[in-house]
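Engineer: Okay, structure incoming, though there's no sequence with it:
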């Protein structure tokens, strides 16, 4: 009988932020179309390390399994990526899995991305509407604007762009490329444009657009191929224009 093919996985584990980190290694049975999430599920079904020691299932975030929710972002072989689309077949073994390092650790591979969501609230990344009466049809949007806006709307708030950004660190409050790109998206919409000044003002504060050093790591790490550097350039132009108008008027 042929020997079953194995997948070797090394996972960085930490029970809580106050505990010391440790590495555990697992040997799993390979099967076609296997991804990192399947590896974590296999470990949950049989939490025994490669050296036959009983352990506990790995804590991690996951939901859609279709690279849509953004929750399963983690470091896989040192690279920020989505675990659901990271196929074992294309990964060098042993597969090294760690939590994202730019967000507070919760447990094992689970991190707290609250900073991203607070930043989205800070820049008003939504289009406010009054739902107390029938608003009728929305404003028409040209095909050119739709084409430019569509890729921006595919952001899944995974945090990969923040993970690879050197400006996102313990000494900075930089909001990151994803948030800046969302400001561009909502400022492009005819209704959203009514609040464009507020969004740009928010990004002109500490941690905003001026903190970007143009490393361009973000656009390479984005799993949805969003033109993040284009968004940063456009929002930076809007900020300079708004600042100049404020200086001329004031």
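Structural biologist: Yep, that arrived. On a predicted model such as this, the values are computed, not experimentally measured, just so you know. Numbers count the residues shown, from 1 in each chain.
Engineer: Could you pull out the buried residues of the longest helix seen in the chain?
Structural biologist: With residue count as the measure and DSSP state H as the assignment, the chain has helix 228-249 as its longest helix. The neighbour-count check on helix 228-249 (16 or more other CB atoms under 10 Å) flags 228-229, 231-236, 238-239, 242 as buried. From N, CA and C alone the C-beta is placed, and that goes for glycine too.
Engineer: mind checking how far it is from the chain centre?
Structural biologist: Shown here is helix 228-249, whose average C-alpha point lies 25 Å from the average C-alpha point of the whole chain (CA atoms, centre = their mean, to the nearest Å).
Engineer: Does anything pack onto that helix? Which helices or strands?
Structural biologist: With contacts taken as 3 or more CB pairs under 8 Å, 6 or more residues apart in numbering; DSSP states H and E, helix 228-249 sits against helix 177-188, helix 196-203, helix 217-221.
Engineer: so can I have TSV of those helices showing mean neighbour count and mean pLDDT?
Structural biologist: Supplementary listing: the helices and strands packed on helix 228-249 in TSV, determined by neighbours: other CB atoms under 10 Å; pLDDT from 0 to 100:
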stretch	mean neighbour count	mean pLDDT
helix 177-188	25	98
helix 196-203	18	97
helix 217-221	20	97
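Engineer: Distance to residue 132 for those - can I get that in JSON lines?
Structural biologist: As requested, the helices and strands packed on helix 228-249 are exported to JSON lines (distance: least, CB to CB, whole Å):
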{"stretch": "helix 177-188", "distance to residue 132": "22"}
{"stretch": "helix 196-203", "distance to residue 132": "22"}
{"stretch": "helix 217-221", "distance to residue 132": "39"}
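Engineer: of these, which approaches residue 27 most closely?
Structural biologist: Ranking these by distance to residue 27, with CB to CB as the measure, places helix 217-221 first at 29.8 Å.
Engineer: Centre of the chain to that closest one, how far?
Structural biologist: If you compare the mean C-alpha spot of helix 217-221 with that of the full chain, they lie 11 Å apart, counting by CA atoms, centre = their mean.
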